[in-house]
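Q: pasting the sequence and the predicted model now:
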Amino acid sequence: MHHNPVQPITDDRWRSGHLGRLLGLALRRFDERVLHHMAHDVQVPLALSNLAARAQIGAAHVHITRHLGLNGSRLTELAHQAGMSKQAMGDLVTQCEAWGLVRREPDPLDARAKRVVFTADGLLWLSAFEAAVTQAEAEFRSLVGPAVATVVTLGLEAYGSEA
């Protein structure tokens, strides 16, 4: 039996430059810019603005902002859409409840179930989130140019919809 010796790796640049890593870095930067804009938005209630400024609100909390329906969602739906366990999403909802972003209320379709809904402050937060995302996207467009921004957006839409 002939063994092929393992070739020593002489070039490991691929580890820091592959698509997954670049996407992760870009997502982290984008989320940081969104939270930065929210921390400086006068429409965001001060307590929530301060949380964003101190980075108490992180990417996990943004899941609720991204996935919670305008008419509310069940915890299981939220967890599924965010790709999280029901337990982890429940913990996030509890934290967001304490901050006044959301509240739990009975589900009109199922007396045993609860729906998570935005509070009035939560809707202000959602509106500020939309404005912050728009600003972060404009920064991206400005940095890479409109043609590259369009190609990146189309490529990510195509790649992400294959899942």
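A: Arrived safely.

Q: all contacts plus neighbour counts: C-alpha atoms, from now on.
A: Will do.

Q: same for the lengthiest helix in the chain, what does it pack against?
A: In terms of residue count, the longest helix belonging to the chain (DSSP state H) is helix 120-144. Counting contacts by 3 or more Cα pairs under 8 Å, 6 or more residues apart in numbering; DSSP states H and E, helix 120-144 packs against helix 19-39, helix 146-160.

Q: save those helices as JSON lines, and put in mean pLDDT, distance to residue 134 and mean neighbour count too.
A: Converted to JSON lines, the helices and strands packed on helix 120-144 look like this (pLDDT from 0 to 100; distance: least, Cα to Cα, whole Å; neighbours: other Cα atoms under 10 Å):
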{"stretch": "helix 19-39", "mean pLDDT": "88", "distance to residue 134": "9", "mean neighbour count": "17"}
{"stretch": "helix 146-160", "mean pLDDT": "95", "distance to residue 134": "13", "mean neighbour count": "12"}
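
Q: can you redo these as JSON lines with distance to residue 66?
A: Converted to JSON lines, the helices and strands packed on helix 120-144 look like this (distance: least, Cα to Cα, whole Å):
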{"stretch": "helix 19-39", "distance to residue 66": "12"}
{"stretch": "helix 146-160", "distance to residue 66": "16"}
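
Q: what comes up buried for the longest helix of the chain?
A: Neighbour counts over helix 120-144 (16 or more other Cα atoms under 10 Å) mark 121-133, 136-137, 140 as buried.

Q: out of those, flag the one nearest to residue 90.
A: residue 122 (16.8 Å; Cα to Cα).

Q: nearest spatial neighbour of the closest one, chain-adjacent residues omitted?
A: Excluding the flanking residues, the one nearest residue 122 by Cα to Cα, 6 or more residues apart in numbering is residue 101, at 4.0 Å.

Q: kindly report the same for residue 117.
A: residue 72 (4.2 Å).

Q: what's the neighbour count on that neighbour?
A: 19 (other Cα atoms under 10 Å).

Q: pretty sure it contacts residue 118?
A: Yes - Residue 72 is within contact range of residue 118, at 6.9 Å (criterion: Cα atoms under 8 Å).

Q: measure stretch 104-113 end to end?
A: Length of stretch 104-113, first residue to last, Cα to Cα, to the nearest Å: 10 Å.

Q: and stretch 95-110, by the same measure?
A: End to end - Cα to Cα - stretch 95-110 spans 24 Å.
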